[in-house]
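Engineer: Model the following, please.
(one chain, ligands or ions: 2)
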Amino acid sequence: MTRTALITGATSGFGAAATRRFVAAGWRVIATGRRAERLQALVDELGADHVHAAAFDIRDEAAMDVALAALPQDFRGINLLVNNAGLAQGTAPAQSALLSDWRTMIDTNITALVTLTHRLLPLLVERKGAIINISSVAGVYPYPGGNTYGGSKAFVSQFSLGLRSDLHGTGVRVTTIEPGMAETEFTLVRTHGDRQASDKLYTGAAPMTAEDIADTIFYVATLPPHLNINRLEIMPVSQSVAGFQVARA
Ligand code: NDP
Ligand code: 8X3
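Structural biologist: Ligands and ions are numbered 1, 2, ... in the order given. From the prediction side, this is the model:
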């Protein structure tokens, strides 16, 4: 039986790679994101039988409802929700960060994620489906400039564990994936479009690729139904966690 995944943030990075990975395995994918032309390119590449493009700003609750109501019949039986859309904005310390950046991260990484999850939970329970939430190592380990981004991802990880508790006995699986550094448009977005800064971060660092994370998402989604990975932390070998810092007078 063909299974259907709704993957948010499919216009780029992990979401686009995951869309390709799931379709290659015969799934149908509802691909979301704001950049409609990129979603259309996925439809053109992978076929309208396999990909349905739903272009909307995930922070816009009314637009989300319109998109869900407009799903074609073949794409209505959602088995898997991949909450991937998200972003970091800024690398400044908290005391000089922009409040508008913080609000954008909270609205996208937290509020939109819980809203979509709330909308789809009844269907996922009915279908004994699964939820995969994309968190980050930034939600587990603090680093300078991580402030609200890390906080928003800590929410995602803890929300996932809470969902798992509440969904006990329903057969619905919930996993949070906590990736480290992966080369996508993430740093371009974080730096408000600084290509040099993005290239500098990844050059020579052997970061993970979007395909690495897509494969991980697919692995989690296709485990035997009696297994649930609660949280999965994954980093490139080149990245590790450093210790404490001490300020001296
Ligand atoms: P990209 O910037 O390449 O992709 C982010 C995706 O999120 C895009 O498709 C973007 O679509 C979508 N998105 C962002 N804001 C909105 C919005 N308001 N409405 C709809 N869609 C939105 O980054 P990644 O693929 O790297 O990031 C995917 C997830 O992985 C994020 O949650 C990120 O925090 C997380 N992550 C990334 C890591 C990394 O090192 N790359 C490591 C750990 C976690 P569009 O702009 O078209 O709307
Ligand atoms: C982003 C991962 O390592 O850049 O979520 O903080 S990292």
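
Engineer: Please count neighbours and contacts with C-alpha atoms only from this point.
Structural biologist: Fine.

Engineer: Remind me what the helix or strand where residue 18 lies packs against, helices and strands.
Structural biologist: Of the helices and strands defined by DSSP states H and E, residue 18 is found in helix 13-24. Applying 3 or more Cα pairs under 8 Å, 6 or more residues apart in numbering; DSSP states H and E, one finds that helix 13-24 contacts strand 4-7, strand 28-33, helix 36-46, helix 210-221.

Engineer: What helices and strands are in contact with the third one?
Structural biologist: Which is helix 36-46. Contacts of helix 36-46 with other secondary structure elements, assessed using 3+ Cα pairs under 8 Å, 6+ apart, are made with helix 13-24, strand 28-33, strand 51-55.

Engineer: re earlier: quick one: closest of the helices and strands packed on helix 13-24 to ligand 1.
Structural biologist: The minimum distance between ligand 1 and these falls on strand 28-33, with 3.9 Å, by Cα to the nearest ligand atom.

Engineer: Nearest residue to residue 115 in space, ignoring adjacent ones along the chain?
Structural biologist: Nearest non-adjacent residue to residue 115, counting by Cα to Cα, 6 or more residues apart in numbering: residue 61, 7.5 Å away.

Engineer: angle of the helix holding residue 18 against helix 210-221?
Structural biologist: With axes from the mean of the first three to the mean of the last three Cα atoms, to 10 degrees as the basis, helix 13-24 and helix 210-221 are set at 60 degrees to each other.

Engineer: Other residues contacting stretch 1-18?
Structural biologist: For stretch 1-18, the surrounding residues in contact (Cα atoms under 8 Å, 6 or more residues apart in numbering) are 19, 26-35, 38-39, 42, 75-86, 183-186, 210-211, 213-215, 217-218.

Engineer: near ligand 1, anything from it?
Structural biologist: Yes: applying Cα under 6 Å from any ligand atom, one finds that stretch 1-18 is in contact with ligand 1 at 9-15.

Engineer: now for those residues, which pair is the farthest apart?
Structural biologist: Taking Cα to Cα as the measure, those span a maximum distance of 9.0 Å, between 11 and 14.

Engineer: more neighbours, those two?
Structural biologist: Neighbour comparison, residue 11 and residue 14: the larger count goes to residue 14, with 29 against 26 (by other Cα atoms under 10 Å).

Engineer: All set, thanks.
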